[in-house]
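In: Sequence and computational prediction follow.
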Amino acid sequence: MIELTLYGRTYCHLCDDMKVALEPLRRDFSFLLHEVDVDSDPALEARFGELVPVLMTGAPDSQLGGAQELCHYFVDVPAVQGWLAAQTTRA
């Protein structure tokens, strides 16, 4: 299963917008979206600061193992589509 992690805040309208903007991609790709509130962990809050939302590859517990940032603030549709397509062809 392809996994993505959306780091954000509960009160962040850009975070909500990014989540909504990812939904149309589900028509072409099957993926699991993890949502992580950066305010729930001081280390995450320090790492991301005001740079939210951030969409990363992989699951939250795999972030140290080579996860990459796909986009922040707004969905970069071509970047996300390209990454998802690459993962689909590997399966």
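Out: Looks like it came in fine. Numbering: from 1, shown residues only.
In: Contacts only, for Asp61.
Out: Residues in contact with Asp61 (Cβ atoms under 8 Å, 6 or more residues apart in numbering): none are found. The way it works is simple: take the backbone N, C-alpha and C, and place the C-beta from them, glycine included.
In: Please state the backbone phi and psi of Ala79?
Out: Backbone torsions for Ala79, taken as degrees, to the nearest 10, come to phi -70, psi -40.
In: in what helix or strand does the nearest residue to it once chain neighbours are set aside lie?
Out: Closest residue to Ala79 apart from its sequence neighbours, by Cβ to Cβ, 6 or more residues apart in numbering: Leu70 at 5.3 Å. According to DSSP states H and E, Leu70 maps onto strand 69-72.
In: do Ala43 as well
Out: Residue-wise, Ala43 maps onto helix 42-48 under DSSP H and E.
In: Name the surrounding residues that touch the helix or strand harbouring Gly82.
Out: Using DSSP H and E, Gly82 falls within helix 77-90. The contact list for helix 77-90 (Cβ under 8 Å, 6+ apart) reads 2, 4, 21-22, 25, 28-29, 31, 55, 57, 70-71.
In: give the contact list for Phe48.
Out: With Cβ under 8 Å, 6+ apart, Phe48 has these contacts: 7, 38, 54.
In: Pull the number of nearby residues for Asp17.
Out: Residues lying near Asp17 (other Cβ atoms under 10 Å) number 14.
In: Tell me how far it lies from Pro24.
Out: For Asp17, the distance to Pro24 equals 13 Å [Cβ to Cβ, to the nearest Å].
In: just Ser40 next, same as before
Out: Taking Cβ to Cβ, one finds Ser40 at 28 Å from Pro24.
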